[in-house]
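J.: Take a look and give me a structure for this.
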Amino acid sequence: MAKTSYLVALGSNRRHGTYGAPAEVVKAAARALAAHGIAVERLSPIRSTPALGPAGRGFANAAALVVTKLEPSALLHRLKQVERAFGRRGGRRWGPRVLDLDIILWSEGWWADGALTIPHPEFRKRGFVLAPLAAIAPDWRDPLSGATVRHLFHRLRRASPVDRGPGRS
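T.: Take a look at the predicted model:
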């Protein structure tokens, strides 16, 4: 497969024994992607976002524009390897996690198989995902709606002044 681009959401709300606070975990995860054959071209500023639901603690959230030869399912597998290397274990949905990596958008449009759907089905409702995406790829278009990330973020902010959705990506 030729190189393609993806927008990946990064989040953490638990300290790591080596990297420390969640914001440092996110920075370290961005560096670790390169070691796994995923080139990070741009990384958004890291945002602190409140948690909703069972996660309890606030999150550090960011987004990365990455380039790789991996097809979506192979990239998902690689991202899960990085999460496990950071100590991520299975747990309850929206619970605390040392690292969460999600594929949000793909330069080739949409993808769906049994394990992965691109664009991420919930990203349009999540300010903690859209704000970092808008910082690094404001003109990237949602292949389903045709709207840019910037437009989706502004639409969400107009609908609700509060970041929407649980503090995870």
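
J.: Tell me which helix or strand G37 sits in.
T.: Secondary structure assigned from DSSP states H and E places G37 in neither a helix nor a strand.

J.: Hmm, it is touching A74, no?
T.: No: when contacts are counted by Cβ atoms under 8 Å, G37 is not listed as touching A74 (9.9 Å). Where you see a C-beta, it was placed from the backbone N, CA and C, and this is true even at glycine.

J.: buried set for stretch 39-47?
T.: Neighbour-count burial for stretch 39-47, counted by 16 or more other Cβ atoms under 10 Å, picks out 40, 43-44, 46-47.

J.: Next: stretch 135-149.
T.: Residues 135-137, 140-142, 148-149 are the ones in stretch 135-149 that count as buried (16+ other Cβ under 10 Å).

J.: the strands in the protein, which residues?
T.: In the chain, strands defined by DSSP state E lie at 4-12, 39-43, 47-49, 59-68, 100-106, 111-112, 117-118, listed in chain order.

J.: right, and out of the buried residues of stretch 39-47, which lies closest to V82?
T.: Within the buried residues of stretch 39-47, the smallest distance to V82 is 11.8 Å, found for V40 (Cβ to Cβ).

J.: which residue sits closest to the closest one, ignoring its sequence neighbours?
T.: Distances taken as Cβ to Cβ, 6 or more residues apart in numbering put A64 closest to V40, at 5.0 Å, once the chain neighbours are dropped.

J.: So in terms of bridging, what pairs with the one you found?
T.: On the basis of DSSP bridges, A64 is bridged to V8, L43.

J.: where in this protein is pLDDT low?
T.: Low-confidence regions of the chain, defined here as pLDDT under 70, cover residues 52-56, 90-96, 161-169.

J.: If we use 90, what do you get?
T.: For the chain, applying pLDDT under 90 flags the ranges 1-2, 14-15, 17, 35, 37, 49-58, 87-98, 114-115, 159-169.

J.: Out of the strands of the chain, the one nearest A28 is which?
T.: Ranking the strands of the chain by distance to A28, with Cβ to Cβ as the measure, places strand 4-12 first at 9.3 Å.

J.: got the angle between that closest one and strand 100-106?
T.: Interaxial angle, strand 4-12 versus strand 100-106 (axes from the mean of the first three to the mean of the last three Cα atoms, to 10 degrees): 150 degrees.

J.: In strand 4-12, which of the residues would be classed as buried?
T.: Buried residues in strand 4-12, counting neighbours by 16+ other Cβ under 10 Å, are found at 4-12.

J.: So which other helices or strands are in contact with that strand?
T.: In terms of contact count using 3 or more Cβ pairs under 8 Å, 6 or more residues apart in numbering; DSSP states H and E, strand 4-12 is assigned the packing partners helix 22-35, strand 59-68, helix 72-85, strand 100-106, helix 127-136.
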